[in-house]
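Engineer: Quick one, structure for this:
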Amino acid sequence: GAGPACGHHGDGAPAAPGPATGEVIMAGAGPGLELERFLREVDEITNLVEGIRSDDPAIRDEAFKKADEKLLKCSEASETVEGCKVKVNRTLINKNPSSHAQPQYANLQGEYEMQGNREMRQDNFLSILEKDAEERGKRRQESRKLATALKEKGNAAFQKEDYATAVQYYTKGLEKLRDFQALYTNRAQAYNKLGKHEEAITDCEWALKCNENCVKAYVHMGKANLGLKKYEEARQCYQKIITIDPSRETLVREYINLLELAQKKEEEEKKVMEEFERGNLNTTTAHEVLKKLSSPNKIPFFYLGGVRFLTELMKESTEQTLFRTNGGFSVVNDNEIIRRSLVSSEKESCEVELCASVLALWKAVCHANEENQRILITSSDTNELLLNLLCCKESEIHNECLCLLSFFLLTEYGRGLLLCNLNLTRLMKILIGFVNYSDETSGRAMNILTNLISEQKFRKHCQNDFVIHVIPSFEILLKNLKLVNKQILPQCISIIGNLATDKTTSRQIAGREEFWESCLICMDDTMIPSTMAEFRDVLYTLLGLMVNLSIEQCSSIQVKTPAITERCISLLASTDGGILTRTAGLLSHVLPQSEEAVEMAVEAGMVKTMLRFIKADGKTTTRYAAKTLAICSSRNEEAREQIVRCDKKFSVFRKLLSLDDEQVVGNAALCLSYCVEIPGAAASLLKTDIVRMLLKHVGGDAKENSLQQNAAIALGKLCLAEPRHKSKLRELHGLEILSSCMKYIK
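Structural biologist: Next up is the predicted model:
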């Protein structure tokens, strides 16, 4: 029964004034008295039924007595329950019933006569209760259906920000069903939107009577108290949420942060008024400067001097608050000369200075002041204006703009403001473009991006149109390596890699053939011997990105795999351990996607290189090398023959089979299963413990069945190629182990 989304937290939508007067119109005696009376009736009848069914004669007699009294009291009675009227007519009890007397029912609305002995009265009373309960249930079901339909209409109005209409629908719904909790919380939310906080609190109290653990009721009651500036009451409401549901701690922290900001704002503004009344020099001066800046038709240098002087005065929160309370933002935005310096695409020198000075002023008034940050970033066109100013060719302007955005990132609240109010796709595209600038400017831009990508909301946004609108700009950077800042580009590549950890984003990037083409161009530029050391960090981070994205299986990678393999073969001559490891990783991911690439790699001596990597004992490199050898041996007979020639007793593979890394062991077993088919290979293993090693993995408890399967296949092929291994297999009860284990392998 949840209502429409509340703010950005998804709370249910609530209600507002009645149709004509704006006040809620209640039928009858008010929802509270009726609901309480109904609940008392239910409890009383429940107790009577339990008493009548009791095994204790005394309790049963007392229950019959109370039932008789209740039936007499109900004579000609008419009560309103759930907004519906149920008439109970006079009941006549025959004090001297005949043995043939039977109860007579005047009609199906509850008219009846009870006659007979006590057993008959018991049967009649229970029958009447059951009939009444059934009728009530039907009426309640119909009422809930109508109330739910009205709630949905209210939610639709709430989503359109027509809160008064939403209130009317919720109110009509409550007339149908008084104890519908969601209608109370939804109406409370709408009342809060209309500024009717007292009414919202009342609705929340009724929601809590329906369900004392209603989280939404405490949320909206907290917001209502906040609107009434009852900070302690609001805090208590929010803290109650954690008591009910500890998993909502993050949500509660956000609410309490907003509460503290509102309290801080009120205290600051009160302090400003006190300082101003005492004649504090800075506050009175700032007030006078703002008045002068509002004067129209002065020359640009007049406003330039005023803005710079005002910026110097913004030293403390008192001056920042005075700027806000005296309409400082509107004074600046509404001044025609100042405004033109901000929005004009082609600026004269004096306009450039004035524009940069205004940004410096905003920076001064927003530093560590969340309320000023909120007003600035949420104003009608400032958010778009800031992005336009970021694109200005004048360094004074875009540098001040970057500094201003950096101030927002200093607090969680400020980051939230940027995420909710800026066009994130356009922002990221602009910031990536700063990789072409100097170290300080591009570094500041990349730091802003690095800060933003840690936010879940930013990462989620990137799933939408990031690949379409941002990645093309990144591809241009990769294709023009000599024009970009080589110290900053690795950070930019890492940012893209961080975002690509999301599966959706990764799949979209990997599916772009243009992306892989730009990577190849960048690799070529970094691999020029004369400049390779200079671009080492660029190549290293680029290889890391390519390794992660090449996990995806798609046609764009298949098309580029031979070209990627060709570059990787050249890089295997490097002496840089980091470059070698990532090159091996890239090969292990792309080779399965191209037979041509496998043949090229084998001809270039890939087998010897991978065996050398394994002997070097690097954990990550060994994993990549084992997989590469497994791929080559499974696809290429020449690769198998090279392995047998280079590792005649398979000492390298026996070493791999003894490791704890299941992926390495599985690939080693797979590779071995192909290599023992080479004449003489299986015989070279006769005096080794290879059967025991493989059997251990067949009967082991590996997480993945593929390891057991590969070991079993290798063992079978080994015995088939060299029957003398069978005696060792029998000695170790290998056939029994194989039989018992393989039936569990799917």
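Engineer: So for the protein, which residue is the most central one in space?
Structural biologist: In the chain, the residue lying closest to the centroid (C-alpha atoms, centre = their mean) is Gln456, at 5.3 Å.
Engineer: Any stretches of the stretch 201-350 of the chain with poor pLDDT?
Structural biologist: 269, 271-283 (pLDDT under 70).
Engineer: Could you give the average pLDDT over the lengthiest helix in the chain?
Structural biologist: In the chain, with assignment by DSSP state H, the single longest helix is helix 118-159. Helix 118-159 shows a mean pLDDT of 79 in the predicted model.
Engineer: Point out the other helices and strands that that helix packs with.
Structural biologist: Contacting helix 118-159 under the criterion 3 or more C-beta pairs under 8 Å, 6 or more residues apart in numbering; DSSP states H and E are the following elements: helix 31-52, helix 57-73, strand 84-88, strand 113-114, helix 163-176, helix 181-193. For glycine as for every other residue, the C-beta is placed from the backbone atoms N, C-alpha and C.
Engineer: for those, which one sits closest to Asp689?
Structural biologist: helix 181-193 (69.9 Å; C-beta to C-beta).
Engineer: so that closest one versus helix 163-176, what angle?
Structural biologist: Computed by axes from the mean of the first three to the mean of the last three C-alpha atoms, to 10 degrees, the angle separating helix 181-193 from helix 163-176 equals 150 degrees.
Engineer: From here on, call the first residue 777.
Structural biologist: Sounds good: first residue 777 from here, last item helix 957-969.
Engineer: Relative to the whole chain's centre, how far out is helix 957-969?
Structural biologist: Relative to the centre of its chain, helix 957-969 is centred 26 Å away, using C-alpha atoms, centre = their mean, to the nearest Å.
Engineer: outside of the host helix or strand of Thr1404, which residues touch it?
Structural biologist: Counting by DSSP states H and E, the element that carries Thr1404 is helix 1395-1411. With contact meaning C-beta atoms under 8 Å, 6 or more residues apart in numbering, helix 1395-1411 is reached by 1356-1357, 1360-1361, 1363-1364, 1367-1368, 1371, 1374, 1377-1378, 1382-1383, 1386-1387, 1389-1390, 1415-1416, 1419, 1432, 1437, 1439-1440, 1443-1444, 1446-1447, 1450-1451.
Engineer: Can I get the buried part of the residues you listed as one PyMOL selection?
Structural biologist: In PyMOL, a selection of the buried entries from the contacts of helix 1395-1411 looks like this (16 or more other C-beta atoms under 10 Å):
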select buried, resi 1356+1357+1360+1361+1363+1364+1367+1368+1374+1377+1378+1382+1383+1386+1387+1389+1390+1415+1416+1419+1432+1440+1443+1444+1446+1447+1450+1451
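Engineer: The stretch 1377-1522 of the chain: helices as residue ranges?
Structural biologist: 1382-1391, 1395-1411, 1413-1422, 1427-1433, 1438-1451, 1466-1474, 1481-1497, 1501-1507, 1510-1518 (DSSP state H, counting those that start in this stretch).
Engineer: Same list (the helices and strands packed on helix 894-935) but as JSON lines, adding mean neighbour count, distance to Leu926 and mean pLDDT.
Structural biologist: Below are these laid out as JSON lines (neighbours: other C-beta atoms under 10 Å; distance: least, C-beta to C-beta, whole Å; pLDDT from 0 to 100):
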{"stretch": "helix 807-828", "mean neighbour count": "14", "distance to Leu926": "15", "mean pLDDT": "67"}
{"stretch": "helix 833-849", "mean neighbour count": "14", "distance to Leu926": "34", "mean pLDDT": "72"}
{"stretch": "strand 860-864", "mean neighbour count": "14", "distance to Leu926": "16", "mean pLDDT": "38"}
{"stretch": "strand 889-890", "mean neighbour count": "18", "distance to Leu926": "40", "mean pLDDT": "44"}
{"stretch": "helix 939-952", "mean neighbour count": "25", "distance to Leu926": "4", "mean pLDDT": "93"}
{"stretch": "helix 957-969", "mean neighbour count": "31", "distance to Leu926": "8", "mean pLDDT": "94"}
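Engineer: Pipe the ones you listed into CSV and attach distance to Ala1487 per row.
Structural biologist: Shown next, in CSV, are the helices and strands packed on helix 894-935 (distance: least, C-beta to C-beta, whole Å):
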stretch, distance to Ala1487
helix 807-828, 68
helix 833-849, 74
strand 860-864, 74
strand 889-890, 83
helix 939-952, 66
helix 957-969, 59
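Engineer: which one of these lies closest to Ala909?
Structural biologist: Closest of the helices and strands packed on helix 894-935 to Ala909 is helix 807-828, at 8.7 Å (criterion: C-beta to C-beta).
Engineer: Helix, strand or coil: sort out Gly1073 for me.
Structural biologist: Small correction: residue 1073 is Asn, not Gly. coil (DSSP: H, G, I helix; E, B strand; the rest coil).
Engineer: And for it, the neighbour number?
Structural biologist: The tally of other residues near Asn1073 (other C-beta atoms under 10 Å) stands at 8.
Engineer: repeat for Thr1097
Structural biologist: 26.
Engineer: which residues in the stretch 1077-1226 of the chain form helices?
Structural biologist: Under the criterion DSSP H, counting those that start in this stretch, helices of the stretch 1077-1226 of the chain are mapped to 1093-1101, 1104-1110, 1112-1119, 1125-1142, 1146-1154, 1158-1166, 1171-1184, 1188-1197, 1200-1209, 1215-1228.
Engineer: right, and these - which one's nearest Cys1013?
Structural biologist: Nearest of these (C-beta to C-beta): helix 1188-1197, 20.4 Å.
Engineer: Grab the CA positions of the closest one and hand them over as CSV.
Structural biologist: Extracted C-alpha coordinates of helix 1188-1197, given in CSV (Å, rounded to 0.1, in the frame of the first residue of the first chain):
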residue,chain,number,x,y,z
GLU,A,1188,28.6,14.5,1.4
TYR,A,1189,25.8,17.0,1.2
GLY,A,1190,27.6,19.1,-1.5
ARG,A,1191,28.3,16.0,-3.6
GLY,A,1192,24.6,15.1,-3.4
LEU,A,1193,23.7,18.6,-4.6
LEU,A,1194,25.9,18.2,-7.7
LEU,A,1195,24.6,14.7,-8.4
CYS,A,1196,21.0,15.8,-8.2
ASN,A,1197,21.2,19.1,-10.1
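Engineer: Now it: buried residues?
Structural biologist: 1189-1195, 1197.
Engineer: what angle sits between it and helix 1125-1142?
Structural biologist: Using the same axes, to 10 degrees: helix 1188-1197 against helix 1125-1142 is 130 degrees.
Engineer: For helix 1188-1197, what does the pLDDT average out to?
Structural biologist: Throughout helix 1188-1197, pLDDT has a mean value of 90.
Engineer: Go ahead and measure how far that helix is from the middle of the chain.
Structural biologist: Mean C-alpha position of helix 1188-1197 versus that of the full chain (C-alpha atoms, centre = their mean) differs by 15 Å.
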